[in-house]
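Enquirer: curious how this folds, go ahead:
(3 chains)
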Amino acid sequence: MASRSFSSAYIADCVQGRLVGSDLEVDGIGTLANATSSQLSFLANSRYRSSLTTAKAGVVLVGEADLPLVPNSAIVVANPYLAYAKISQLYAGNQLSSGVAKSAAVAVDAVISSSAQICDGVVIESGAQIGDSVYIGPNSVIGAGAVIGNQTRIAANVSIYNDVQIGENCRIHSGAVIGADGFGFAPDGGRWEKIAQLGRVIIGNDVEVGAGTTIDRGALDDTLIEDGVKLDNQIQIAHNVIIGENSAIAGGCAIAGSTRIGKQCTIAGMSGVTGHLEIADGTHITAMTLVSRSITEPGAYSSGTAVEPHRQWKRNAVRFRQLDELAKRVSELEKLVEQLSSKDQD
Amino acid sequence: MASRSFSSAYIADCVQGRLVGSDLEVDGIGTLANATSSQLSFLANSRYRSSLTTAKAGVVLVGEADLPLVPNSAIVVANPYLAYAKISQLYAGNQLSSGVAKSAAVAVDAVISSSAQICDGVVIESGAQIGDSVYIGPNSVIGAGAVIGNQTRIAANVSIYNDVQIGENCRIHSGAVIGADGFGFAPDGGRWEKIAQLGRVIIGNDVEVGAGTTIDRGALDDTLIEDGVKLDNQIQIAHNVIIGENSAIAGGCAIAGSTRIGKQCTIAGMSGVTGHLEIADGTHITAMTLVSRSITEPGAYSSGTAVEPHRQWKRNAVRFRQLDELAKRVSELEKLVEQLSSKDQD
Amino acid sequence: MASRSFSSAYIADCVQGRLVGSDLEVDGIGTLANATSSQLSFLANSRYRSSLTTAKAGVVLVGEADLPLVPNSAIVVANPYLAYAKISQLYAGNQLSSGVAKSAAVAVDAVISSSAQICDGVVIESGAQIGDSVYIGPNSVIGAGAVIGNQTRIAANVSIYNDVQIGENCRIHSGAVIGADGFGFAPDGGRWEKIAQLGRVIIGNDVEVGAGTTIDRGALDDTLIEDGVKLDNQIQIAHNVIIGENSAIAGGCAIAGSTRIGKQCTIAGMSGVTGHLEIADGTHITAMTLVSRSITEPGAYSSGTAVEPHRQWKRNAVRFRQLDELAKRVSELEKLVEQLSSKDQD
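Expert: Numbers count the residues shown, from 1 in each chain, chains lettered A, B, ... in the order given. From the prediction side, this is the model:
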């Protein structure tokens, strides 16, 4: 990775922090355990406080309370984890070289900002619009009439179908597919008649779409991903889903058609939400949960069972299939014991 | 999206429907809630009957019984949902511009129909055959010896491995991978020895393959996807699986090796079927179900537990791990109560 | 598929086996049920012994004990399944035609071995290094500074991000994405601040990565896939995960951030492991299991419930939500029955 370096005073300025100790050149970021004397580290969780005293990091981001424990320089901030996030971006190195690569194929009526970078092998179809400082990685395809907002970065091998709209400052990772047909078919005597998917996908600003994630176009209305939504890898968003602002969904989840996820929700990995549901703002779903009814109260929700040794699990799983019967046997016992007790009273 | 328009009389003809009311130009399709006076809508579910009276749609597809409620024009058909599906295709706009794009790389011995459209960046390897009116989207790759049947549409960034056969009138979405190696290894003292995957993938006619879906080639025999099968996004079909005619599988499912899914089955999202099983024709699997035994009787099948607030779920999940023991305690109680009752009778 | 043929004597030599019966030209491999008289088959499982007598295969790989049942020629080996795996590779046909295709775009400072094959549409960025006899399939993208070891094969439409390192003799299937950003964000008053992902992905030797599988780069330290690991299709490996030597993971699994999977583990399809866990060497996870705690003892582990008819499942699932209450009722009954029994003794 191209190596970069900033002074600790400059870094402190970037995060409105207070530099304590000597200024130094910081050429990278490391964990408390691994950071070198020319790197910055951070203490985000007081559980790791004990690692602080032995840390070799040249400078450490800390809250005021932990300052006395820092062995070398410190940058004192209110929220070290958030400050680390901001500083990490200095080292990310996403410079643009504006222009259209020789092997890219751009339709004559596509509109490409002169500050955009279009890499080798990219195909941009008729009428597409590419905003300022947009990066489109090698071999990605932008369909006819699609619109890509300013500062958005699209990695290699991404597929954007026709008429999709993506906002500003988004990041779309490799293998993502945005705007493929929703899964819509009308049953016709044993076979399936295709329903053409005539809606679009509309994505807001500051949205991240992970590698291999697929977002289907709407059947008639549009599929909507609101501002600030973060989608991890290999997520499936079906047609006409709406994902509310700043919700974050982890890898391997699937949201079925026409479901509306509220704002500020978090959905842990490999969870599913069935179709035509409403999930309240501020709902949190734990990993591998199937949500098959609407959720109206914010809070944490789960389904499934907890992992256990297979042999033991097998015995319990057999009993699960007898659970209704078991519950009825318990009710029957309660009745019998009640009778025995009352006789006993006599 | 390119705008298209058809007369309501023409549309009625297309679906053998009866136009009631004045003829008009229909420039799109909308839901009952959103359709404008120049659009067509449909009433597929009598639950939405009340929306009919307030609908602004210029023309509505309805069954005979609902005709009196239609405010403007109507097209009366036996099955409004099926008619909608057929009409939607008029508005889909999948016209071809035959020919091979300049930046496509086509092997000299590949056979390409003159009516096919091969887009920019496509690579077609030695001996591949591309049928009439086939569309191959930008940057897709067709491996050596692969055969693509007439009218089939392959979107951008699709990977078709060597010797794969795809029938007529299929639709393969972006990111799909057809014919990669099945997951086959022989254990060899702690390491794994690769088993070359020498079979093919054979796909019938009228098959849809969703974005990011992967279908592995067979180990020795072929993997088979029969006519009319519909696969949603991000489905994994392992080597030597057979999917029977007109079965439909929703997003995120995985079918393990050598399993045979019958005809007319439906599998809801995120379900899995383990290897070497047989699933009867007409089987329906609900979402996030793991099928780990063969199913011989058609019908609906499920596994898992229902979503509930996390705190409550946690208590129940702990009890699940004690379920076998609980069942034994209930049996013991039954014995004791039986003894007490019989003594009581004495 | 290009047809190949080898003498049975040559094949026997390759696997240090003993040819019994006449030598013949073997032009392929088939199952016991389907192999023709010019093909080789194998008996790997004594359950299929009865198929041996009716097999038409020209030559069959068997253990010593099954030799008397072979109708035609035999090759006697200690482990027929392992011998089949080795022989299958003779028929795989992965010959290279060294050189860089005309339409590939290779940075001037990339280092490409003269024995490597770079296919059409490939993009190789600045400073990347491509080893001897490497194959890079059509339209794949190799990011800046990435290193691909000798004999590694990368299929079509693969995305390798900058600075990823892949060892020797690996196989990466289409649609795989290696080195995309891990899912890291710091909460900032309702919105999410991006954490730049500054680590790399380091992959050892003899690793297979299935179609559509995604392996994220580390946040600060690297994500590590050790030698001999086999990953099936559509697996998600999050940032800073470590997968130990020779572990094999089946399709559709996801491993969350910073989790360490031991050596020689197997994880069946659609399972998940949550973040920051340690899974012991030699752990086996059954299909669709969620592992949400560290595993310190090797062995088999499971979660979930077993598939059953939906109507019956529904009744049991309702009872699951009352399980804690049911267990308390059973405890109460035990107390009451105990009291009744002791009175009864009086």
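
Enquirer: dump the helix or strand containing A:Tyr10 to CSV, keeping only the CA atoms.
Expert: Assigned by DSSP states H and E, A:Tyr10 belongs to helix A:8-14. Output in CSV follows, covering the C-alpha atoms of helix A:8-14 (Å, rounded to 0.1, in the frame of the first residue of the first chain):
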residue,chain,number,x,y,z
SER,A,8,0.7,13.9,15.1
ALA,A,9,-0.1,17.7,15.5
TYR,A,10,-1.9,17.6,12.2
ILE,A,11,-3.8,14.5,13.1
ALA,A,12,-4.8,16.0,16.4
ASP,A,13,-6.2,19.0,14.5
CYS,A,14,-8.2,16.7,12.2
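
Enquirer: which neighbouring elements make contact with it?
Expert: Here helix A:8-14 touches strand A:18-20, strand A:25-26, strand A:73-76, helix A:80-88, going by 3 or more CB pairs under 8 Å, 6 or more residues apart in numbering or on different chains; DSSP states H and E. In short, each C-beta sits where N, CA and C put it, glycine included.

Enquirer: and the second one, which strands flank it?
Expert: Strands that pair with strand A:25-26, judged by DSSP bridges, come out as strand A:6-7 (antiparallel).

Enquirer: ok, back up a step: reformat the helices and strands packed on helix A:8-14 as CSV; add mean pLDDT and mean neighbour count.
Expert: CSV is the format used below for these (pLDDT from 0 to 100; neighbours: other CB atoms under 10 Å in any protein chain shown):
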stretch, mean pLDDT, mean neighbour count
strand A:18-20, 97, 16
strand A:25-26, 97, 18
strand A:73-76, 97, 24
helix A:80-88, 98, 23
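
Enquirer: thinking again about what came up before, how much distance is there from the helix holding A:Tyr10 to the middle of the chain?
Expert: Distance of helix A:8-14 from its chain centroid, counting by CA atoms, centre = their mean, to the nearest Å, is 29 Å.

Enquirer: now that helix: mean pLDDT?
Expert: The pLDDT scores in helix A:8-14 average 97.

Enquirer: what do you get for stretch A:138-151?
Expert: 98.

Enquirer: center of chain A, which residue is that?
Expert: A:Leu231 (2.8 Å; CA atoms, centre = their mean).

Enquirer: quick one, what contacts that one?
Expert: A:Leu231 sits next to A:207-210, A:213, A:215, A:225, A:237, A:243, A:248-249 when contact means CB atoms under 8 Å, 6 or more residues apart in numbering or on different chains.

Enquirer: got a list of what the closest residue to A:Ala256 other than its chain neighbours touches?
Expert: Here the nearest residue to A:Ala256 in space, its sequence neighbours aside, is A:Gly275; by CB to CB, 6 or more residues apart in numbering or on different chains that works out to 3.7 Å. Counting by CB under 8 Å, 6+ apart, A:Gly275 touches A:238, A:256-259.

Enquirer: close enough to count as contact, A:Ile154 and A:Ile148?
Expert: Yes. Look at A:Ile154 against A:Ile148 with CB atoms under 8 Å: they come within range, at 6.9 Å.

Enquirer: shared neighbours, those two?
Expert: By CB under 8 Å, 6+ apart, the residues touching both A:Ile154 and A:Ile148 are A:134, A:136, A:142, A:160.

Enquirer: quick one: name the residues of the stretch 51-200 of chain A near chain B.
Expert: A:103, A:105, A:121, A:123, A:125, A:139, A:141, A:143, A:145, A:157-159, A:161-163, A:175, A:177, A:180-181, A:183-188, A:190-196, A:198, A:200 (CB under 8 Å from any CB of the partner chain).

Enquirer: what do you get if the cut-off is 6 Å, keeping everything else the same?
Expert: A:105, A:121, A:123, A:139, A:141, A:157, A:159, A:163, A:175, A:177, A:180, A:183, A:185-186, A:188, A:190-193, A:195-196, A:198 (CB under 6 Å from any CB of the partner chain).

Enquirer: one more: the stretch 201-346 of chain A?
Expert: So the stretch 201-346 of chain A meets chain B at A:212, A:214, A:220, A:236, A:254, A:256, A:272, A:274, A:289-291, A:300-306, A:308, A:315-316, A:319, A:326, A:329, A:333, A:336, A:340 (CB under 6 Å from any CB).

Enquirer: now, these that are in strands?
Expert: Among these, the ones falling in strands (DSSP state E) are A:214, A:236, A:254, A:272, A:290-291, A:300-302, A:308.

Enquirer: mind putting those in JSON lines, neighbour count included?
Expert: Formatted as JSON lines, these follow (neighbours: other CB atoms under 10 Å in any protein chain shown):
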{"residue": "A:Thr214", "neighbour count": "30"}
{"residue": "A:Gln236", "neighbour count": "30"}
{"residue": "A:Ala254", "neighbour count": "29"}
{"residue": "A:Gly272", "neighbour count": "27"}
{"residue": "A:Leu290", "neighbour count": "25"}
{"residue": "A:Val291", "neighbour count": "26"}
{"residue": "A:Ala300", "neighbour count": "16"}
{"residue": "A:Tyr301", "neighbour count": "24"}
{"residue": "A:Ser302", "neighbour count": "26"}
{"residue": "A:Glu308", "neighbour count": "18"}
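
Enquirer: tell me the contacts of the nearest residue to A:Asp188 once chain neighbours are set aside?
Expert: Leaving out its chain neighbours, the residue that sits closest to A:Asp188 by CB to CB, 6+ apart is B:Leu82, at 5.4 Å. By CB atoms under 6 Å, 6 or more residues apart in numbering or on different chains, the contact set of B:Leu82 is A:186, A:188, A:193.

Enquirer: residues near A:Val337, how many?
Expert: 23 (other CB atoms under 10 Å in any protein chain shown).

Enquirer: my guess is it contacts C:Leu336. True?
Expert: Yes. Judged on CB atoms under 6 Å, A:Val337 makes contact with C:Leu336 at a distance of 5.1 Å.

Enquirer: so the closest residue to chain C within the stretch 151-300 of chain A: helix, strand or coil?
Expert: When scored by CB to the nearest CB, the stretch 151-300 of chain A has A:Ser174 as its residue closest to chain C, at 3.5 Å. Following DSSP: H, G, I helix; E, B strand; the rest coil, A:Ser174 is assigned to coil.

Enquirer: so what pLDDT did it get?
Expert: 98.
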